[in-house]
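Engineer: give the three-dimensional model of this entry:
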Amino acid sequence: MSRIGKKPIEIPAGVEVKVSEANVVEVKGPKGTLSQAIDSGMKIKIEEGELVVERPNDSKKYRALHGLSRSLVANMVEGVTNGYTKQLEIVGTGYRATKQGNKLNLTLGFSHPLELEDPEGLEVEVPNNNSIIIRGIDKQKVGAYAAKIRSFREPEPYKGKGIKYVDEHIRRKVGKTGK
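Structural biologist: Modelled structure (predicted):
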């Protein structure tokens, strides 16, 4: 049995969980509301302040979906209570980020600055020229937007220039040596 799938999800105070007939889980909390459609074969039960995800049988399909379904619901509960944060760091001479209204301006050594509009449901903050903080309740949206920003100038292994996650370690390479 799936070790992740069989763990119950504790529902904190102030969080309301509803499961519809079509297996759509809706989670309401202090930070907002999220909903996710779960495979119709999975059974989601609410018992004594805990949410339990069960599979109908041990077929390969449902074994794979068991842990996934539980993780998706757990991430929604975590998102509406605490939210998610990703921090990016910009390294390199002349590389910088600025915020104007709901637009993020990135100067990354291209012939033109990049201008990105904040996605709906996400909050983007630029505390200084070389760091970006992305906050939101949906883990997938926060991670996808951070990855999109990082993809414009991924860190290179020789000087470490580019956009990297704050907790990311870049494996450095030794450059050319002269005689």
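Engineer: could you give the number of residues near Val52?
Structural biologist: Neighbourhood size, Val52 [other CB atoms under 10 Å]: 16. Using the backbone N, CA and C atoms, a C-beta is placed for each residue, glycine as well.
Engineer: can you read off the pLDDT for it?
Structural biologist: Here, the pLDDT recorded for Val52 equals 93.
Engineer: for this structure, longest helix please?
Structural biologist: Assignment by DSSP state H gives helix 60-81 as the longest helix of the chain.
Engineer: name the residues of it that are buried.
Structural biologist: Buried residues in helix 60-81, counting neighbours by 16 or more other CB atoms under 10 Å, are found at 62, 65-81.
Engineer: with stretch 29-43 instead?
Structural biologist: Across stretch 29-43, burial judged by 16+ other CB under 10 Å covers 29, 31, 34, 36, 38, 42.
Engineer: contacts for it?
Structural biologist: 12, 14-16, 22-27, 44, 53-56, 61-62, 65-66, 69, 72-73, 76-77, 79-83, 121, 137-138 (CB atoms under 8 Å, 6 or more residues apart in numbering).
Engineer: which parts of the chain are strands?
Structural biologist: Secondary structure of the chain by DSSP state E: the strands cover 9-10, 16-19, 24-29, 32-37, 43-47, 50-54, 84-91, 96-100, 103-107, 114-117, 122-128, 131-136, 162-165.
Engineer: the second one: partners in the sheet, and parallel or antiparallel?
Structural biologist: The reference is to strand 16-19. In the sheet, strand 16-19 lines up against strand 24-29 (antiparallel) (DSSP bridges).
Engineer: so which bits of the partner strand are buried?
Structural biologist: By neighbour count with 16+ other CB under 10 Å, strand 24-29 contains the buried residues 25, 27, 29.
Engineer: okay, the angle between it and helix 60-81?
Structural biologist: 20 degrees (axes from the mean of the first three to the mean of the last three CA atoms, to 10 degrees).
Engineer: and strand 24-29, what's its mean pLDDT?
Structural biologist: pLDDT averaged over strand 24-29 gives 94.
Engineer: might you list the low-confidence residue ranges for the chain?
Structural biologist: Scanning the chain for pLDDT under 70 picks out 1-2, 179.
Engineer: try it again at 80.
Structural biologist: The chain contains residues with pLDDT under 80 at 1-2, 178-179.
Engineer: quick check, nearest of the buried residues of stretch 29-43 to Glu125?
Structural biologist: Lys31 (16.0 Å; CB to CB).
Engineer: distance of that closest one from Gly83?
Structural biologist: 5 Å (CB to CB, to the nearest Å).
Engineer: spit out the residues that contact these two alike.
Structural biologist: Ile137.
Engineer: ok, back up a step: for the strands of the chain, give me TSV that also has distance to Ala146.
Structural biologist: TSV is the format used below for the strands of the chain (distance: least, CB to CB, whole Å):
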stretch	distance to Ala146
strand 9-10	25
strand 16-19	27
strand 24-29	22
strand 32-37	18
strand 43-47	29
strand 50-54	28
strand 84-91	4
strand 96-100	13
strand 103-107	12
strand 114-117	12
strand 122-128	10
strand 131-136	5
strand 162-165	7
